[in-house]
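> next input, structure requested:
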Amino acid sequence: MSVVLITGASTGIGNLTAKALAADGHTVYASMRSVGDRNAAHAQELLDTAQRSGGPRRSTPDQEVVAPDSTAGRWDRKES
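Here you go, the predicted structure:
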C-alpha cells in the first residue's frame, strides 16, 4: 500500500478521500487548519476512522499550507 498526504482534510473531498484511502489500507497523513479548535472534531473523526480501519492512529497535523512556518520541515523524510 502507498503513503499519501492530503491537505484540506477537514471537510469535503479531502475528508472523503482520506477516509476512503485509509479504509483501503493506505497510510494517510491528513492535514488541516486549526486542529486545536474549530477543526478538532474533524481531526478526531479522522483518527477514529483510521483506528477502525486497522491503520495506525496518528496525530492530525495542524498545517496552513500558505504559511511557510507551519510546513517547513514537517514532511522531511526521516532516514533510519
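> can you list the weak-confidence ranges in the chain?
55-80 (pLDDT under 70).
> quick one, strands of it?
3-6, 27-30 (DSSP state E).
> wait, which of the ones you listed is closest to residue 19?
Residue 19 lies closest to strand 27-30 among the strands of the chain, at 8.5 Å (C-beta to C-beta). (Each C-beta comes from the backbone N, C-alpha and C, glycine too.)
> quick one: strands adjacent to that closest one?
strand 3-6 (parallel) (DSSP bridges).
> next, the buried residues of the strand it pairs with.
residue 6 (16 or more other C-beta atoms under 10 Å).
> pull that strand out as PDB, backbone CA atoms only.
C-alpha atoms of strand 3-6 as PDB (Å, rounded to 0.1, in the frame of the first residue of the first chain):
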ATOM      1  CA  VAL A   3       1.700   6.500   1.800                       C
ATOM      2  CA  VAL A   4      -0.300   9.700   0.900                       C
ATOM      3  CA  LEU A   5      -0.500  13.200   2.200                       C
ATOM      4  CA  ILE A   6      -3.800  15.000   1.900                       C
END
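> sorry, back to before: any chance of the strands of the chain in a markdown table, plus distance to residue 16?
Converted to a markdown table, those look like this (distance: least, C-beta to C-beta, whole Å):
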| stretch | distance to residue 16 |
| --- | --- |
| strand 3-6 | 10 |
| strand 27-30 | 11 |
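> quick one: closest of those to residue 52.
Across the strands of the chain, closest to residue 52 is strand 27-30 (C-beta to C-beta), at 13.1 Å.
> any buried residues in the closest one, and which?
Buried, per 16+ other C-beta under 10 Å, within strand 27-30: 28-30.
> out of these, who's nearest residue 6?
residue 30 (4.9 Å).
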